[in-house]
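> Fold the following for me, if possible:
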Amino acid sequence: MSQLDRLRGVFRASLSLPVDTDVDGLHYRAIPQWDSLAHMALVAAMEDEFTIMIDTDEMIDMSSFAKAAELLEKHGADAVT
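Below is the predicted model of the structure:
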C-alpha cells in the first residue's frame, strides 16, 4: 500500500467517511465532518500513522488532502506517490 493510499485511509477513518469516498480533492470545511475538532483528530491520526510530528503552523496550513500529502513529503514519510 502506498503512502498516499495510507493517507486516504487516515482521512476516511478520521472523518468517518465510507471506504470508497474520493478524498483527493477534499478541502477543510468542504464537508460537515471536517470541522475543527475533526481536524485535530486527523492531525493526530496522521502523526500516529506516519510517525511524524506536525507543528502548529503546519496544522493550520493543512487545509486540504493535497496539503496533507505535501506535509508528509516534507516530513520525509517515505515517498508519497
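
> And the longest helix belonging to the chain, what does it pack against?
What stands out as the longest helix in the chain, according to DSSP state H, is helix 36-50. Applying 3 or more CB pairs under 8 Å, 6 or more residues apart in numbering; DSSP states H and E, one finds that helix 36-50 makes contact with helix 3-14, helix 65-74. C-betas here are computed from N, CA, C, even on glycine.

> got TSV for these, with distance to residue 55 and mean neighbour count too?
Shown next, in TSV, are these (distance: least, CB to CB, whole Å; neighbours: other CB atoms under 10 Å):
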stretch	distance to residue 55	mean neighbour count
helix 3-14	18	18
helix 65-74	10	18
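
> Redo these as a markdown table? Include mean pLDDT.
Shown next, in a markdown table, are these (pLDDT from 0 to 100):
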| stretch | mean pLDDT |
| --- | --- |
| helix 3-14 | 96 |
| helix 65-74 | 95 |
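
> want to throw the ones you listed into CSV with distance to residue 22?
Output for the helices and strands packed on helix 36-50, formatted as CSV (distance: least, CB to CB, whole Å):
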stretch, distance to residue 22
helix 3-14, 9
helix 65-74, 10
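
> Residue 26: which of those helices is closest?
Closest of the helices and strands packed on helix 36-50 to residue 26 is helix 65-74, at 4.7 Å (criterion: CB to CB).

> Provide a list of residues in contact with the residue nearest to residue 42 when sequence neighbours are not counted.
Nearest residue to residue 42, sequence neighbours excluded (CB to CB, 6 or more residues apart in numbering): residue 14, at 4.2 Å. Taking CB atoms under 8 Å, 6 or more residues apart in numbering, we find residue 14 in contact with 38, 41-42, 45.

> By neighbour count, which bits of the longest helix of the chain are buried? Give me those.
By 16 or more other CB atoms under 10 Å, the buried positions in helix 36-50 come out as 38-39, 42-43, 45-46, 49-50.

> okay if I get those residues as TSV plus distance to residue 72?
Formatted as TSV, the buried residues of helix 36-50 follow (distance: CB to CB, whole Å):
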residue	distance to residue 72
38	18
39	16
42	13
43	12
45	12
46	7
49	9
50	6
